[in-house]
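*Asks:* Coordinates for the following, if possible.
(one chain, ligands or ions: 2)
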Amino acid sequence: MVFSSTQTALNQAKSSATDVTIRAAVFGAAGYAGAELLQILHKNPYFRTSHAFVSERTEASHLGQLYPRLQPLSQPLTVWQDEQLSAVAKDTDVAFLALPHEVSLTLAPKLLAAGLKVFDLSGAFRLQDASQYPSYYGFAHQHPDLLTQALYALSEWTTITTEQRLFAIPGCYPTASALALLPLTRADYLAPQSTPVINAVSGVSGAGRKASADTSFCEVSLKPYGIFTHRHRPEIEQTLAHEVVFTPHLGAFKRGILTTVSVSLRAGVSADQVAQAFQQAYADKPLIRLFQHPPCIDDVAGTPYADVFWQQQGQQLIVVVAIDNLLKGAAAQAMQIANRSYALAETAGLLEPLL
Ligand SMILES: NC(=O)C1=CN([C@@H]2O[C@H](COP(=O)(O)OP(=O)(O)OC[C@H]3O[C@@H](n4cnc5c(N)ncnc54)[C@H](OP(=O)(O)O)[C@@H]3O)[C@@H](O)[C@H]2O)C=CC1
Ligand SMILES: CC(=O)N[C@@H](CCC(=O)OP(=O)(O)O)C(=O)O
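*Replies:* Ligands and ions are numbered 1, 2, ... in the order given. The predicted model follows:
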């Protein structure tokens, strides 16, 4: 059974017609997350795509050449060059960066200086502690000042103001993990000295479109990777202010993440208290669906939802969250945050079917 109301959310998104038009440029438009963003922007009545930028490696001049199903968008692609910055600043209000971390790190300051709002889908601005970047991202952070300006925007848990200029959109695994755990950590329900154990399985689109033997379909089985070293562990710990054990796995399917979290609860925390914590956190959140049965990848793939389930036995609790890594874990959450940063309905552009 679903507790939150999809219909309410749909009506919210379809609320009053508007003359607001926010002009958005997508960088990394040829990639998986960029292509999702372009579809979502196309459906959002408040936004218009001003540019879809690719690197010089992309020879296609239209999105439909790369993704034939997206032909109906009639979306031209333009090779980005820094010399275009001042012209783009005149016809664009916001930039969505669906780029590698290092590329976002270099580009975002230029776009901010030119007056654009920036929604960065990479990890370039997610960690507050610059000293973590060399070990977890493999580079020294060149703009530590921006780490203090960036807002880490996990939509259901973050206050968004219209003045904010730089948004760090959370990672895919951290989104699912934090949605599972924040109702418990904020209520102080975890047993003292206990460490939540997070096991998550992602489809191969999580690795992006670029070819790699490790993520080619015939090579992928179900196996863990990044044990104790994945860059999402410090991100999850930063959000929760709590240590975790995090083990990502790669599965042989295209899209989606299933995250199973095991926690020990403080003595005396009851099933009713746990249910209340999840209800209070999410009952009025249009993109969270609370389930009484374990969620599955197929039900969230291609949707902007996070499906949440929990089951308690004594002081042990299992929480399961399923999301689409490219949507709630990337492009849809970026759109949700962008909508909120203009005080618009947060689901605008998100509930109509994707192409
Ligand atoms: N995939 C996922 O599930 C998620 C991804 N993210 C993040 O979103 C971002 C994009 O990911 P994703 O779409 O999967 O990746 P892709 O590899 O599919 O796309 C990345 C795009 O970045 C562009 N790019 C690469 N190098 C450069 C460069 N030097 N200069 C300019 N453009 C460049 C490429 O453009 P071109 O093809 O034109 O060369 C490519 O299309 C990453 O930071 C990723 O970490 C976040 C959450 C989930
Ligand atoms: C399956 C796979 O490879 N997943 C990626 C995570 C997805 C991603 O792009 O990372 P961000 O959310 O940090 O941007 C990985 O483990 O590196």
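*Asks:* which residues of the stretch 51-200 of the chain fall in helices?
*Replies:* For the stretch 51-200 of the chain, the helices defined by DSSP state H, counting those that start in this stretch cover 63-66, 85-91, 101-113, 133-137, 144-149, 172-186.
*Asks:* Quick check: which of these is buried the most?
*Replies:* Stretch with highest mean neighbour count among the helices of the stretch 51-200 of the chain: helix 172-186 (a mean of 25; mean count of other C-beta atoms under 10 Å). Glycine gets a C-beta too; all of them are placed from N, C-alpha and C.
*Asks:* ok, that one near ligand 2 or not?
*Replies:* Yes - on the criterion C-beta under 6 Å from any ligand atom, helix 172-186 is in touch with ligand 2 at C172.
*Asks:* For stretch 252-262, buried residues please.
*Replies:* Within stretch 252-262, the residues that count as buried by 16 or more other C-beta atoms under 10 Å are 253-261.
*Asks:* Tell me where the stretch 151-300 of the chain has strands.
*Replies:* Secondary structure of the stretch 151-300 of the chain (DSSP state E, counting those that start in this stretch): strands at 151-152, 166-168, 197-202, 223-224, 245-250, 257-264, 288-290.
*Asks:* From the chain's centroid, how far away is the longest one?
*Replies:* Remark: strand 257-264 is offset 18 Å from the chain centroid, using C-alpha atoms, centre = their mean, to the nearest Å.
*Asks:* what's the answer for the first one, then?
*Replies:* For strand 151-152, the separation from the chain centroid amounts to 12 Å (computed by C-alpha atoms, centre = their mean).
*Asks:* Counting by contacts, list what that strand packs against.
*Replies:* Where contact means 3 or more C-beta pairs under 8 Å, 6 or more residues apart in numbering; DSSP states H and E, strand 151-152 is packed against strand 166-168.
*Asks:* Nearest to A343 among the buried residues of stretch 252-262?
*Replies:* Closest approach between the buried residues of stretch 252-262 and A343, by C-beta to C-beta: I257, at 29.6 Å.
*Asks:* Enumerate every residue touching that closest one.
*Replies:* Contacts for I257 were tallied using C-beta atoms under 8 Å, 6 or more residues apart in numbering; they are 172-173, 176, 200-203, 206, 297, 322-325, 329.
*Asks:* do the same with T229
*Replies:* Counted by C-beta under 8 Å, 6+ apart, T229 has contacts Y136.
*Asks:* Mean pLDDT and distance to ligand 1 added to the helices of the stretch 51-200 of the chain, as JSON lines?
*Replies:* JSON lines is the format used below for those (pLDDT from 0 to 100; distance: least, C-beta to the nearest ligand atom, whole Å):
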{"stretch": "helix 63-66", "mean pLDDT": "98", "distance to ligand 1": "8"}
{"stretch": "helix 85-91", "mean pLDDT": "97", "distance to ligand 1": "14"}
{"stretch": "helix 101-113", "mean pLDDT": "98", "distance to ligand 1": "4"}
{"stretch": "helix 133-137", "mean pLDDT": "98", "distance to ligand 1": "10"}
{"stretch": "helix 144-149", "mean pLDDT": "97", "distance to ligand 1": "16"}
{"stretch": "helix 172-186", "mean pLDDT": "98", "distance to ligand 1": "4"}
